[in-house]
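Novice: Build me a model from this:
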Amino acid sequence: MSPPPTTWRAAVCYDSPSISRKAREALDTLGWTYDRDRSERHFSKMMIMIAIPQASYVFQFLIRDPGKFVINVYDEKPTHSGLVHYIEVKGITKKNAKHVRRFLHLFSDSLPRKPYNFFWVERLKLGFIRFEHLTAKREWSRWGI
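Specialist: From the prediction side, this is the model:
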């Protein structure tokens, strides 16, 4: 079995405020020690084939116990009508991978549907063959979800 990646990121079919709330509930249920913070995530928005730099608000959870890692939740708007929501875990090691797995399972179980089950309208607004939609299920399945 290969070692876990140090950073994991996947698209989610819910907006970042909802994801952030569910992530906080999962962390509280687990009884983990963490701090909340905020930052910005920069991305490029395509308009008439010209990349325009953008930034989005990031809900950040700095996990201190049972292991040290960071959970980031944010949205990107790469096209004029499409919006992609992400959850990202940074600082994954062999020691804390089991805690990351436990959190992601509890988090995904708290959602009304699987985090990679996008509505057709979401796929249509962003584009049917977008990388984010095509890889979301594979990324979640790495953790058994």
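Novice: Bridged to the closest residue to residue 19 other than its chain neighbours, which residues?
Specialist: Using C-beta to C-beta, 6 or more residues apart in numbering and skipping residues adjacent in sequence, the residue nearest residue 19 is residue 73, 4.6 Å away. Bear in mind the C-beta positions are built from the backbone N, C-alpha and C, glycine included. Legend: beta-bridge partners of residue 73 under DSSP bridges are residue 59, residue 87.
Novice: the strands in this structure, which residues?
Specialist: 7-12, 33-47, 50-65, 69-76, 84-90 (DSSP state E).
Novice: What residues does residue 103 make contact with?
Specialist: 23, 26-27, 30, 32, 71 (C-beta atoms under 8 Å, 6 or more residues apart in numbering).
Novice: try 7 Å this time
Specialist: 26-27, 30 (C-beta atoms under 7 Å, 6 or more residues apart in numbering).
Novice: on that earlier part again, would you mind giving the strands of the chain as JSON lines with distance to residue 97, mean pLDDT and mean neighbour count added?
Specialist: Output for the strands of the chain, formatted as JSON lines (distance: least, C-beta to C-beta, whole Å; pLDDT from 0 to 100; neighbours: other C-beta atoms under 10 Å):
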{"stretch": "strand 7-12", "distance to residue 97": "10", "mean pLDDT": "90", "mean neighbour count": "20"}
{"stretch": "strand 33-47", "distance to residue 97": "17", "mean pLDDT": "84", "mean neighbour count": "13"}
{"stretch": "strand 50-65", "distance to residue 97": "13", "mean pLDDT": "88", "mean neighbour count": "15"}
{"stretch": "strand 69-76", "distance to residue 97": "9", "mean pLDDT": "93", "mean neighbour count": "23"}
{"stretch": "strand 84-90", "distance to residue 97": "10", "mean pLDDT": "92", "mean neighbour count": "21"}
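Novice: Distance to residue 18 for the ones you listed - can I get that in JSON lines?
Specialist: Converted to JSON lines, those look like this (distance: least, C-beta to C-beta, whole Å):
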{"stretch": "strand 7-12", "distance to residue 18": "9"}
{"stretch": "strand 33-47", "distance to residue 18": "16"}
{"stretch": "strand 50-65", "distance to residue 18": "10"}
{"stretch": "strand 69-76", "distance to residue 18": "9"}
{"stretch": "strand 84-90", "distance to residue 18": "8"}
